[in-house]
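Peer 1: Sequence and predicted model, in that order:
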Amino acid sequence: MKTDKTAVKKTRKTEPKEEMWLLRLYVAGQTPKSLLAFANLEKICKEHLAGKYEIEVIDLLKNPQLAKGDQILAMPTLVRKLPEPVKKIVGDLSNTVKVLVGLDLRPRRLE
Amino acid sequence: MSKQNKAKKPSMAGLTKCPTGIQGLDEITGGGLPQGRPTLVCGSAGCGKTVLAMEFLLRGALQYNEPGVFICFEETLEDLTKNFSSLGFDLNDLIARKKLAIDYVRMERSEIEETGEFDLEGLFIRLELAINSVKAKRVVLDTVEGLFAGFTNESILRAELRRLFRWLKEKGVTAIITGEQGEKTLTRYGLEEYVADCVITLAHGSTEQVATRRMRIVKYRGSLHGTNDYPFLIDEQGISILPVTSLGLDNAASIEKIPTGIPRLDTMFSGNGYYRGSSILVSGTAGSGKTSMIAEFINAACRRGERCLFFIFEESPAQIIRNMRSIGIDLEPWVKKGLLRFHAARPSLYGLEMHLVTIHKQIKEFSPGVVAIDPISNLVNIGTITETKSMLTRLVDFLKTGLITGIFTNLSHGDSLEETDMGVSSLMDTWLLLRDIEINGERNRALYVLKSRGMKHSNQVRELVLTDKGVDLKDVYIGAAGVLTGSARLSQEAREKAEAMVRKQGLDLKQRELERKRRILDAQIAAMRTEFESEEDKLKKTISEEKLSEKVTEQDRVDMGKLRRADK
């Protein structure tokens, strides 16, 4: 696992509301899957992380060498870089529940 | 058995092969792996799949100038580098020289959440990057089943794998895919469905408590290939599959003969000894003098300046030198001069194939003219009879191809003296049997020449005696009690000597008798001659007197006549 040098303290499993979320979406060009993933991601972020998220989209077709760093295999992959620990979510993000579980974001409705 | 050895051209139009550079593999595949296609290498843990794949890449980079890419799903780069430096390959250097690119793909199930449709384009991208970075022609994926550990959606995975192999084919790279052995299928996840061009399995088994590795080409589309199980091993230089090339039986035969070291034995072979490059088996029961015979042969060879390699499976070199010194053969000076090299090991130290490789290596390094192996019979303890025979066949073939004379000893058992455990007597050109003959309360050694291909040999039994001056062969007597050896022979010899003496004395006597008679005869003749001479003298005297008196009478008559006429 990559260790980040930032001084962010480890997130607790509930109420990660104060930190800034850095999300990186790795895509391979403008495919339907990647467009769908981006759209889904935006929707989820607006709903659950309003105001404190940042989405970076990395197109591996343009920058293939970046795949190694985060160990990207599947496309599209969403990597939660911040807060730690790093989490990877694979797929077009259509399954919202799974995305939330993967990002460790409890939806406001289910406690 | 590969029939491709003689034809170096591709077996069918369009099927080019990618030479691996791995010793023996190119021979059994008839040139190498299919070019531009994926090959599946499967086997259980620890069989050597990664080594095979790595060596394929490394030799490609070093020997055939084909850079390669290694995608590793299991070990880290540091681990790989460490493991391969133990085999003598410096990965870092190759990476620096852009001959090799290694990418370590790691995924952990706990990190990954699958949320919908995805594909493995990331893997393709990384692969493409790596291939382009070194312009690779060879690719290894070790082991692609690692993907199944990371992702749960098998249908996507399988579709992507199919796409991957098609993609590799389009790229024109020769790829090796490794896979773990499955229970009922060749690989755990059934990769063989996708990689259908060439499939090789590796196995790691244990026979008689000695581990052996085996390789088998299960399938090779579009090519003839060896179909048997080939034993192989992994040593400091990588994988070696042991030489199947020499099973063609087309070695030259020399007509030069070399002395056996025992002059009397040379004469039993109608002149000058064994043929160079032939194989000689000396078999016999325990203590019958087999090693001594080898020592004499080696001694003679070293004296001629030929190098000898002596493999011992039972004693230590020091022991052999000491034992041979006791019969007057000193091998130590040859060792010092570098003409004789010993190599001793217990058979159970490693498996048959390792022994064969060791022998090959030593022969390549030392280039001997003579190789001796003492004994070959305890090699059956580390393998089955068929395996041992196969190994010995290959060894003898290897020696013959190099025109190296091989001499082997075999311990035989009392009741089956004219057989060998492994039936190897048919490999041998000359077979000497040493046997004990027990008679009159003592045992003596006898030597029989059972066969010697290509030359006349004596069919007489000889007694083998170990004297202070080496091995000697003596005639054996067939007496009333059968074959006589040892003390019986000595007494017989003494008796014959005595008889000879008596005969000689008799002859002398007769000779003297004859002399005497001649002398007597001579004396008699001399006496008679003397008598005759005296008679002759007398007779001559009488004749001359008569003649004189006749003359006088004549004269008187003349004188008287003259007188009478004068007076008238």
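Peer 2: Structure received. Quantities reported herein were computed from a predicted structural model and do not represent experimental measurements.
Peer 1: Can you name the residue of chain A nearest to chain B?
Peer 2: A:G102 (3.2 Å; C-beta to the nearest C-beta). Where you see a C-beta, it was placed from the backbone N, CA and C, and this is true even at glycine.
Peer 1: List the residues that contact B:T178.
Peer 2: B:L40, B:V41, B:C42, B:K49, B:T50, B:A53, B:V140, B:L141, B:D142, B:T143, B:V144 (C-beta atoms under 8 Å, 6 or more residues apart in numbering or on different chains).
Peer 1: Which pLDDT does the model give it?
Peer 2: We have a pLDDT of 88 for B:T178.
Peer 1: Now find how far off-centre the helix or strand hosting it is within its chain.
Peer 2: Counting by DSSP states H and E, the element that carries B:T178 is strand B:174-180. With C-alpha atoms, centre = their mean, to the nearest Å as the basis, strand B:174-180 stands 38 Å off its chain's centre.
Peer 1: how about the residues of chain A near chain B?
Peer 2: Proximity of chain A to chain B (C-beta under 8 Å from any C-beta of the partner chain) is limited to residues A:26, A:28, A:33, A:37, A:60-61, A:64-65, A:67-68, A:71-77, A:86-95, A:98-99, A:101-102.
Peer 1: Mind telling me what element the residue lying closest to B:E128 once chain neighbours are set aside is part of?
Peer 2: Nearest in space to B:E128, with sequence neighbours left out and distances taken as C-beta to C-beta, 6 or more residues apart in numbering or on different chains, is A:P64 at 6.8 Å. For A:P64, there is no helix or strand it lies in under DSSP H and E.
Peer 1: What count of nearby residues applies to the residue nearest to B:T76 when sequence neighbours are not counted?
Peer 2: Leaving aside its chain neighbours, B:T76 sits nearest to B:Y104 (5.6 Å; criterion: C-beta to C-beta, 6+ apart). Residues within reach of B:Y104, counting by other C-beta atoms under 10 Å in any protein chain shown, total 17.
Peer 1: Report the separation between B:A96 and B:D90.
Peer 2: According to C-beta to C-beta, to the nearest Å, B:A96 and B:D90 sit 9 Å apart.
Peer 1: do B:M560 as well
Peer 2: Taken as C-beta to C-beta, the span from B:M560 to B:D90 is 154 Å.
Peer 1: same check, this time on B:L392
Peer 2: With C-beta to C-beta as the criterion, B:L392 and B:D90 are 37 Å apart.
Peer 1: Look at those two and report which has more neighbours.
Peer 2: Neighbours per residue, other C-beta under 10 Å: of B:L392 and B:D90, the larger number sits with B:L392, 24 against 12.
Peer 1: circling back to that earlier point, helix or strand right after the strand holding B:T178?
Peer 2: strand B:198-207.
Peer 1: Endpoint to endpoint, stretch B:366-386 covers what distance?
Peer 2: 29 Å (C-alpha to C-alpha, to the nearest Å).
Peer 1: quick one on the thing from earlier: is it true that the residue nearest to B:T76 touches B:F70?
Peer 2: No: B:Y104 is beyond contact range of B:F70, at 9.1 Å (criterion: C-beta atoms under 8 Å).
Peer 1: Would you list the phi and psi of the residue nearest to B:T76?
Peer 2: phi -100, psi 120 (degrees, to the nearest 10).
Peer 1: Now for it: which residues touch it?
Peer 2: Counted by C-beta under 8 Å, 6+ apart, B:Y104 has contacts B:C72, B:E75, B:T76, B:L77.
Peer 1: Only the buried subset of those residues, as a PyMOL command please.
Peer 2: Buried residues within those, by 16 or more other C-beta atoms under 10 Å in any protein chain shown, are selected in PyMOL with:
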select buried, chain B and resi 72
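Peer 1: any idea how far B:T20 lies from chain A?
Peer 2: Per C-beta to the nearest C-beta, to the nearest Å, B:T20 is found 28 Å from chain A.
Peer 1: correct me, but that residue touches B:D26?
Peer 2: Yes: taking contacts as C-beta under 8 Å, B:T20 lies within contact range of B:D26: 5.8 Å.
Peer 1: between the two, what contacts are shared?
Peer 2: Contacts common to B:T20 and B:D26, judged by C-beta under 8 Å, 6+ apart, are B:G32.
Peer 1: what about those two, which has more around it?
Peer 2: B:T20 (26 against 20).
Peer 1: Tell me the secondary structure at that one.
Peer 2: coil (DSSP: H, G, I helix; E, B strand; the rest coil).
Peer 1: where's it relative to B:F269, distance?
Peer 2: From B:T20 to B:F269 the distance is 46 Å (C-beta to C-beta).
Peer 1: Tell me how many other residues crowd A:L36.
Peer 2: By the measure other C-beta under 10 Å, the count of residues near A:L36 is 17.
Peer 1: list the contacts for B:Y64?
Peer 2: Applying C-beta under 8 Å, 6+ apart, the residues near B:Y64 are B:P19, B:G21.
Peer 1: Ends of stretch B:365-376, what's the gap?
Peer 2: By C-alpha to C-alpha, one end of stretch B:365-376 lies 22 Å from the other end.
Peer 1: Check which helices and strands the lengthiest helix in chain A is in contact with.
Peer 2: What stands out as the longest helix in chain A, according to DSSP state H, is helix A:32-48. Contacts defined by 3 or more C-beta pairs under 8 Å, 6 or more residues apart in numbering or on different chains; DSSP states H and E place helix A:32-48 against strand A:21-27, strand A:53-59, helix A:96-103.
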